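[1] Fold the following, please.
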Amino acid sequence: MPIAYCDACDWQREASEDEITELGRAMIDHYVETGHSPIERRDAADRVTTGDRIDPGSGTVDRSRR
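    The predicted model follows:
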């Protein structure tokens with residue numbers, strides 16, 4: 001499941017494989033509204049290899065394991 005997040009703030013979105021277009025739109029909207037860049041997108045396989053974990057209750061990315 002792809003996820004997009006912003007390193008400048010706590011913004012993030014998660015989408016199913018068939019919602020990729022909506023995820024891309026949300027990334028663009030966040031950039032337009034805040035000017036925050038870059039917004040990074042990671043797929044589930046990337047999260048596993050980097051050590052990032054998603055808290056299922058809150059949907060937040062935990063980068064403490066890096």
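
[2] Quick one: residues in contact with the helix ranked longest in the chain.
    Across the chain, the longest stretch assigned as helix under DSSP state H is helix 20-34. Contact with helix 20-34 is made by 2, 4, 6, 8-9, 11, 13, 15, 36-37, 39, 41, as judged by Cβ atoms under 8 Å, 6 or more residues apart in numbering. Placement of C-beta: from N, CA and C, glycine included.

[3] try 10 Å this time
    1-6, 8-9, 11-16, 19, 36-41 (Cβ atoms under 10 Å, 6 or more residues apart in numbering).

[4] Pull out the buried positions in that helix.
    Using 16 or more other Cβ atoms under 10 Å as the test for burial, helix 20-34 gives 23, 26-27, 30.

[5] So among the residues you listed, where is pLDDT lowest?
    When those are compared by pLDDT, L23 scores lowest at 88.

[6] Need the nearest residue in space to that residue, chain neighbours excluded.
    Computed as Cβ to Cβ, 6 or more residues apart in numbering, the closest residue to L23 that is not its neighbour in sequence is A15, at 4.0 Å.
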